[in-house]
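Colleague: Predicted coordinates and the sequence they were generated for:
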Amino acid sequence: MKRHIFTYGSLMFAEVWRRVVASSYRSAKGKILDHARYAVMHETYPGLVVQKGASVEGIVYFDVQAADIAALDNFEGPDYFRRTVTVQLQNAQIEADTYIYGKQPGLSDMPWDPQAFEIERFLQTYCRVPKGAANDGPNGP
């Protein structure tokens, strides 16, 4: 079953998204209300929690296939659970799944700043080279 997926952290970055999923998807900027994004302690990525009055901007990917949703579930791991949220697009609202942080404690009290995301460090630590890509980069053999 295809689902829309709202991303708010590392998966907002095309370099990360492409290393996790196998297919290409149409995407758009979106925002969810009554949620907040905080830095995970000692990590480069964030966690999302319900927080009345807060909002989080991110990217929504449309009609993501079941195999890629399974890959995303695996990538997010046991500290996150998938949940449906309402995403505000430029001229519409849609329902999409997102990943809520469920490990307590684990979040810092500092909001996560996408502008400060250390993408190269993240890729080297958490993402393998895509299948069929040359293995001569920082994630090589």
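Modeller: In hand now; what should we look at? Numbering: from 1, shown residues only.
Colleague: Who are the packing partners of the lengthiest strand in the chain?
Modeller: Counting by DSSP state E, the longest strand found in the chain is strand 46-64. On a contact count with 3 or more CB pairs under 8 Å, 6 or more residues apart in numbering; DSSP states H and E, strand 46-64 meets strand 3-7, strand 27-40, strand 93-101. All C-beta spots, glycine's among them, are computed from the backbone N, C-alpha and C.
Colleague: Give me the contacts around the next helix or strand after the shortest one.
Modeller: Stepping forward along the backbone from strand 3-7, the first helix or strand reached (DSSP states H and E) is helix 14-20. Identification of contacts with helix 14-20 by CB atoms under 8 Å, 6 or more residues apart in numbering yields 7, 10-11, 61, 68, 71-72, 75, 119, 122-123, 127-130.
Colleague: which stretch among the helices and strands packed on strand 46-64 comes nearest Thr86?
Modeller: Thr86 lies closest to strand 93-101 among those, at 5.6 Å (CB to CB).
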